[in-house]
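>>> A predicted structure for the sequence below; I have some questions about it.
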Amino acid sequence: MGSLYKKALFIFVLGIGLVVVFQSHILPRLPKTSFLGGAQLAPEVLRKKDAQGLLASYIVEKLSPSVVLIKTERTDTVVPLFGSPAQLKSQSSGSGIVISRKGHIATNAHVVKAAQTITVALENRQEYAARVLGIDSLTDIAVLKIDVSTKPIPIGNSDSLNTGQWVIAIGSPMGLQNSVTSGIVSAVGRHTTFTSDLYVDYVQTDAPINPGNSGGALIDLDGQLIGMNTLILTPNSENIGIGFAIPSNLIAWVAESIIKTGHVRRGWLGVDLQAIDPDLANALDLQSAEGALIARVQPKSPAEEAGLQNGDVVLAFNGRDIHSIHELRNMVAHSAPHKSVECKILRQGKKLAIKAVMGARNN
């Protein structure tokens, strides 16, 4: 009996150890946020609701208080050709996501950047004046603050998303507060030509998104925020099932930086990049059209100091393979200034590892 007990105890401890190792070294890691996000929904309750066919409605019930309606207003003076100047008042609305217990709300920058006054309406219809803590135009993310205790949404890991996953969108399209739609993840890591100036690789979804949904929550069936609904691709202003959301990991990184410092600090390497197509990959003797070609190393840049050269192909950045120039640009931007990084490159057929110290990008 003693021997069986010891074996059982050994197997139990080994199992715990494997779980810890799996979670620590295999599962993707969330950004280090000390105060953002709310408590996760209990997995056993989610399984029970799923078996009852009530999972989506349960998630909406629990998380709707963490999605708010944002009302904005501004007054401009209009000077006509004839007559006296007149005051023109304009109003608009969008959505927001509660990300802390202290009244911090994340939304899209385009929802609030032109506003003179901002009002946040919670699910219970209570309204509060909001102030802007910071706007990051390079990701279209803004953080607001209201002076009331709030219920934050659980923040998930957008890096673990898979195409085909079911998702739920909550927002206030056309001012209709806490409207809910659903769909799937159509693609991840999507870069759009009409937002080429932004440091965002979007989550694409077919969940219906309409004007006013901007800044609202995209949630997975674990009841976690995995994106911020931001824009749609449409030929005629109508939803055709091509929507884009900013990934939750990027939201958390930007929001924490704004809350702590009022702005976002980005890394700078100092290279101009060129995309690699199949013809160029063949000319460079690459196995696939991946990586990023350094077309120009900027003078007096961290790249020049590190010894990077025109014509180098960046294959990996800090241990992560590079599949496109957009991916490399975002990795560089999300690296802390003055941090040492490693670039794995291909130079004239030889693979090299080059260390560089990041500079600070001027936002």
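It's in.
>>> all helices for the stretch 1-150 of the chain, in order.
Taking DSSP state H, counting those that start in this stretch as the test, the helices found in the stretch 1-150 of the chain are 2-25, 43-51, 55-63, 109-112.
>>> The first one - what's its average pLDDT?
The one in question is helix 2-25. Here helix 2-25 scores 39 as its mean pLDDT.
>>> Show me where the stretch 151-300 of the chain has its helices.
With DSSP H, counting those that start in this stretch, the ranges of helices along the stretch 151-300 of the chain come out as 248-261, 278-283.
>>> Adding mean neighbour count, write the ones you listed out as a markdown table.
The way it works is simple: take the backbone N, C-alpha and C, and place the C-beta from them, glycine included. Conversion of the helices of the stretch 151-300 of the chain to a markdown table gives the following (neighbours: other C-beta atoms under 10 Å):
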| stretch | mean neighbour count |
| --- | --- |
| helix 248-261 | 22 |
| helix 278-283 | 12 |
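>>> Would you convert these into TSV that also reports mean pLDDT and distance to V203?
What follows is those, written out as TSV (pLDDT from 0 to 100; distance: least, C-beta to C-beta, whole Å):
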stretch	mean pLDDT	distance to V203
helix 248-261	95	9
helix 278-283	89	27
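>>> I'd like these as TSV, with distance to F317 appended.
Formatted as TSV, the entries for the helices of the stretch 151-300 of the chain read as follows, by distance: least, C-beta to C-beta, whole Å:
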stretch	distance to F317
helix 248-261	17
helix 278-283	18
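>>> What does the pLDDT read for T33?
Reading off the per-residue confidence, T33 sits at a pLDDT of 53.
>>> Select, out of the helices of the stretch 151-300 of the chain, the one closest to V98.
Distances from V98 to each of the helices of the stretch 151-300 of the chain were compared using C-beta to C-beta; the minimum, 11.2 Å, belongs to helix 248-261.
>>> Poorly predicted segments of the stretch 51-200 of the chain, please.
196-197 (pLDDT under 70).
>>> Identify the residues contacting the residue nearest to A245 when sequence neighbours are not counted.
For A245, ignoring the flanking residues on the chain, the nearest one in space by C-beta to C-beta, 6 or more residues apart in numbering is G227 at 3.1 Å. Taking C-beta atoms under 8 Å, 6 or more residues apart in numbering as the criterion, G227 is in contact with 158, 167, 202-203, 205, 217-218, 245-248, 251.
>>> what about 7 Å?
Taking C-beta atoms under 7 Å, 6 or more residues apart in numbering, we find G227 in contact with 158, 203, 218, 245-248.
>>> tell me the contacts of V112?
Applying C-beta under 7 Å, 6+ apart, we find V112 in contact with 70, 72, 118, 132, 142, 144.
>>> try I345
Under the criterion of C-beta under 7 Å, 6+ apart, the neighbours of I345 are 312-315, 352, 354.
>>> I'd like the next helix or strand past the helix or strand where it lies.
I345 is part of strand 340-347 when elements are defined by DSSP states H and E. Heading C-terminal from strand 340-347, the first helix or strand you meet, by DSSP H and E, is strand 350-357.
>>> so how far is that following strand off the chain centroid?
On the basis of C-alpha atoms, centre = their mean, to the nearest Å, strand 350-357 is displaced by 29 Å from the centre of the chain it belongs to.
>>> That strand pairs with which strands, parallel or anti?
For strand 350-357, sheet partners with direction are given as strand 340-347 (antiparallel), following DSSP bridges.
>>> Determine how far the strand it pairs with lies from the middle of the whole chain.
Remark: strand 340-347 is offset 26 Å from the chain centroid, using C-alpha atoms, centre = their mean.
>>> repeat for stretch 285-300
In this view, stretch 285-300 has its centroid 26 Å away from the chain centroid, taken as C-alpha atoms, centre = their mean.
>>> can you give me the end-to-end distance of it?
Between the start and the finish of stretch 285-300 there is a gap of 30 Å, counting by C-alpha to C-alpha, to the nearest Å.
>>> One more: stretch 138-149?
Terminal-residue distance, stretch 138-149 (C-alpha to C-alpha): 29 Å.
>>> So which residues make contact with it?
Contacts made with stretch 138-149 from outside it, assessed by C-beta under 7 Å, 6+ apart, are listed as 96, 101, 103-110, 112-113, 118, 120, 128, 130-135, 198-200, 230, 246, 250-251, 254-255, 258-259, 363.
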